[in-house]
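Chemist: Okay, sequence plus prediction incoming.
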Amino acid sequence: MIEALYSLYLKHPQISIDTRSISKHCIFFALKGDNFNANEFAHTALGNGAAYAIVDEEKFVLDERCILVDNVLETLQELARHHRRRIKCPVLAITGSNGKTTSKELLYRVLQQKYTTTATKGNYNNHIGVPLSVLSIPAHTEFAIIEMGANHIGEIDFLCNIAMPEYGVITNVGKAHLEGFGSLEGVLEAKTELYRYIDKRNGVLFIKDNQNNLLEKRTEGTKFFTYGSLEKSTYKIKFIEAQPKVVVSYENKLINSQLIGDYNYDNIALSIAIGLHFKVDKEHIKNALELYVPTNNRSQIVNTASNTILLDAYNANPMSVEKAILTMSNLEHENKMIILGDMFELGHESKKEHIKIINLCLSHGFSNVILVGELFSAVNKTSYKSYRTTKELFATLNVVQIKDAFILIKGSRGMKLEQLVNNL
């Protein structure tokens, strides 16, 4: 079945899982979720221009363009695995608690300077996104970057067995998705599934020089290179400043990035190191990094009529929020303000971690802090204002005028804090 389906894929290499974005002559995979069954939309997909629809319920087989399989998701994953075995380009996998998408975007721009490069689009990094990313790799690709996310033990290993990377990097390990991992040790065990897979492939790891927990987890005999600011690093990249944009140097070249926050040094250093490893011209690395401007609510600078906003509202966990607060503390600005939204998926650690973040703001002397969400509101015993919903704060900002401030907006995706920007 997979061989026959792969033959169709080679003729129609566009894959779609959403009838709202059907490309002409694509193959539509009718996936199921908790609240939807795309089998019901197979006819719509065909009507919108799909060449074939893959379904797993016989009653939705309308004509020869509908292909019946046992399980649509498993078929998608197996098709991606089949494709990966046939493409020749090296694959580098990126995972980590924070920074993986930014690192992927930077690295894509660096490697693109020398190689025909394909990378995960957006954050297509789960059990559906990784197969789609693999299937988007054309035969002529010279280098592929696949982002991998996980919230349970075993997921990274599963994704590795689809993408089959020869190179791997873990950006960092922090308290993210603790509901699924149980503990920080669980996160470390899950993320380093990538290391164990790379070891089986006799591949190569790239490890930040000061991340001892990751250095200790590498398998004996695995080939690895380090990057960072320490003298012992294979690829030494010096941090210069972040006031507010990050400036670094390597081999006497100064890079003035468009990224704010010294935590972005790690992402920049990673992309420089891997670019150097794969012989990308040093001047081309510099140009690629200096031209990259963040979007999609990730470390994004937004200048409104009244204020400057550091919009980092795509996601939040204790490590990323702590780093953002420390960045604000180091920032040279007279009028600083912080708006923080709830951090989700922290399980039994949730109350403790939200209190720690409030205390961190206090310890760094921040007086102008607004907390948003049920979790922050439940533990806030300070003079900081708190609102149970983003909507409540939105209404307040309609009548309160804030001017000439540098404002950090940081929270989990579900808080939708980016809605506040137009009112600031």
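Modeler: Sure, I can see it. Predicted, not measured: the structure shown is a model, and the values here were computed from it.

Chemist: Over to residue 65: give its phi and psi.
Modeler: When read as degrees, to the nearest 10, the backbone of residue 65 gives phi -80, psi -10.

Chemist: Contacts made by stretch 269-276 with the rest, please.
Modeler: Applying C-beta atoms under 8 Å, 6 or more residues apart in numbering, the contact partners of stretch 269-276 are 92, 103, 106-107, 109-111, 113, 167, 169, 171, 206, 208, 225, 227-229, 234-235, 237, 248, 250, 255, 282, 285, 288-289. Where C-beta positions appear, they are placed from N, C-alpha and C, glycine not excepted.

Chemist: Next, the distance between the ends of stretch 235-247.
Modeler: Stretch 235-247 has an end-to-end distance of 17 Å (criterion: C-alpha to C-alpha, to the nearest Å).

Chemist: Now do the buried residues in it.
Modeler: 235, 236, 237, 239, 242, 244, 246, 247 (16 or more other C-beta atoms under 10 Å).

Chemist: before we move on, what about stretch 82-92?
Modeler: Buried residues in stretch 82-92, defined by neighbour count with 16+ other C-beta under 10 Å: 82, 83, 84, 87, 89, 90, 91, 92.

Chemist: Nearest to residue 339, out of these: which one, please.
Modeler: residue 92 (35.4 Å; C-beta to C-beta).

Chemist: my guess is residue 318 contacts residue 359, does it?
Modeler: No. Under the criterion of C-beta atoms under 8 Å, residue 318 makes no contact with residue 359, lying 12.0 Å away.

Chemist: and these two? which has more neighbours close in?
Modeler: Of the pair residue 318 and residue 359, residue 318 is the one with more neighbours under other C-beta atoms under 10 Å, namely 23 against 11.

Chemist: For residue 324, list the residues it contacts.
Modeler: Residue 324 makes contacts with 261, 263, 310, 312, 408, 410, as judged by C-beta under 8 Å, 6+ apart.

Chemist: hang on, the third one is in a strand, isn't it?
Modeler: Yes. Residue 310 forms part of a strand when assessed by DSSP: H, G, I helix; E, B strand; the rest coil.

Chemist: where does the chain dip in pLDDT?
Modeler: Scanning the chain for pLDDT under 70 picks out 176-180.

Chemist: Where does the record place the domain boundaries for it?
Modeler: Domain segmentation of the chain under automatic domain parsing yields 2-69, 87-291, 300-423.

Chemist: for those domains, which one ends up most surrounded?
Modeler: domain 87-291 (a mean of 20; mean count of other C-beta atoms under 10 Å).

Chemist: Just confirm residue 67 is within a helix.
Modeler: No. Looking at residue 67 with three-state DSSP, it is strand, so not inside a helix.

Chemist: Nearest spatial neighbour of it, chain-adjacent residues omitted?
Modeler: residue 54 (5.2 Å; C-beta to C-beta, 6 or more residues apart in numbering).

Chemist: And for residue 71?
Modeler: residue 56 (5.6 Å).

Chemist: Quick one: list the elements packing against the lengthiest strand in the chain.
Modeler: Identified as the longest strand of the chain according to DSSP state E is strand 253-260. Secondary-structure packing of strand 253-260 (3 or more C-beta pairs under 8 Å, 6 or more residues apart in numbering; DSSP states H and E): strand 245-250, helix 264-277, helix 282-291.

Chemist: mind putting these in a markdown table, distance to residue 99 included?
Modeler: Converted to a markdown table, the helices and strands packed on strand 253-260 look like this (distance: least, C-beta to C-beta, whole Å):
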| stretch | distance to residue 99 |
| --- | --- |
| strand 245-250 | 12 |
| helix 264-277 | 5 |
| helix 282-291 | 15 |
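
Chemist: To residue 191, which of the ones you listed lies closest?
Modeler: Comparing these against residue 191 with C-beta to C-beta, the closest turns out to be helix 264-277 (14.9 Å).

Chemist: mind listing what residue 116 touches?
Modeler: Contact partners of residue 116, counting by C-beta under 8 Å, 6+ apart, are 140, 141, 142, 143.

Chemist: let's go with 7 Å and repeat that
Modeler: Residues near residue 116 by C-beta atoms under 7 Å, 6 or more residues apart in numbering: 140, 141, 142.

Chemist: Now do the same for the second one: helix, strand or coil?
Modeler: Per three-state DSSP, the secondary structure class of residue 141 is coil.

Chemist: and it, what does it touch?
Modeler: By C-beta under 7 Å, 6+ apart, the neighbours of residue 141 are 87, 89, 116, 118.

Chemist: Determine the set of other helices and strands touching the helix or strand containing the last one.
Modeler: Mapping residue 118 onto the secondary structure by DSSP states H and E places it in strand 117-119. Taking 3 or more C-beta pairs under 7 Å, 6 or more residues apart in numbering; DSSP states H and E as the contact definition, the neighbouring helices and strands of strand 117-119 are helix 100-111, strand 143-147.

Chemist: Out of these, which is closest to residue 212?
Modeler: Evaluated over these, closeness to residue 212 peaks at helix 100-111, with 19.8 Å, by C-beta to C-beta.

Chemist: Tell me what angle that closest one forms with helix 282-291.
Modeler: With axes from the mean of the first three to the mean of the last three C-alpha atoms, to 10 degrees defining the directions, helix 100-111 sits at 140 degrees from helix 282-291.

Chemist: Remind me what helix 100-111 packs against, helices and strands.
Modeler: Contacts defined by 3+ C-beta pairs under 7 Å, 6+ apart place helix 100-111 against strand 91-95, strand 117-119, strand 143-147, helix 264-277, helix 282-291.

Chemist: So for residue 181, which of these sits nearest?
Modeler: Residue 181 sits nearest to strand 91-95 of all the helices and strands packed on helix 100-111, at 12.9 Å, using C-beta to C-beta.
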